[in-house]
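*Asks:* what's the 3D shape of this:
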Amino acid sequence: MFRPRYPEAPKPSIVHAPTAVPAAQHNHAPACSCQHTTAPAPARPAGVLSGLNAGTVGAVVTVGIVLTALLAAVAVTAISVAVAAVVMRSLLASQRRR
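*Replies:* The predicted structure follows:
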């Protein structure tokens, strides 16, 4: 009783070349006097990664390689600084004992 009743929306029909059905042959009355047309949805290839092209994949791979190289450079630098600190500490400690 208190629920609103919505008018039935016309179902969009796919218009093919000469066999198109005119809109005037439908059995229901239009909701408004406007002439609405719907464009068919574009065809999309199947698959999860269908939106990616070669340029996008190349950019992602390049960024991944650069970030991996930067991470390796930081790791090598940290290890060399740690080794240098241990050597300096060892030299200073042996010098104090003399």
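*Asks:* tell me the mean pLDDT for the strand or helix carrying Val86?
*Replies:* Assessed by DSSP states H and E, Val86 sits inside helix 54-97. In this model, helix 54-97 has a mean pLDDT of 93.
*Asks:* now swap in stretch 33-51 and tell me
*Replies:* 64.
*Asks:* what of stretch 11-20?
*Replies:* 64.
*Asks:* ramachandran coordinates for Arg3?
*Replies:* Dihedral pair for Arg3: phi -90, psi 140, per degrees, to the nearest 10.
*Asks:* do the same with Arg5
*Replies:* Backbone phi and psi, for Arg5 under degrees, to the nearest 10, turn out to be phi -110, psi 120.
*Asks:* number of residues surrounding Val76?
*Replies:* When neighbours are defined as other C-beta atoms under 10 Å, Val76 has 10 of them. All C-beta spots, glycine's among them, are computed from the backbone N, C-alpha and C.
*Asks:* next up, the contacts around it.
*Replies:* Counting by C-beta atoms under 8 Å, 6 or more residues apart in numbering, Val76 makes contact with nothing.
*Asks:* how close does it get to Val57?
*Replies:* 29 Å (C-beta to C-beta, to the nearest Å).
*Asks:* same question, Glu8
*Replies:* From Glu8 to Val57 the distance is 46 Å (C-beta to C-beta).
*Asks:* and Val66, by the same measure?
*Replies:* Val66 is 15 Å from Val57, by C-beta to C-beta.
*Asks:* and for Tyr6?
*Replies:* 45 Å.
*Asks:* so which of the two has more stuff around it?
*Replies:* Val57 (11 against 7).
*Asks:* got the buried residues for stretch 87-98?
*Replies:* When burial is assessed from 16 or more other C-beta atoms under 10 Å, stretch 87-98 yields no buried residues.
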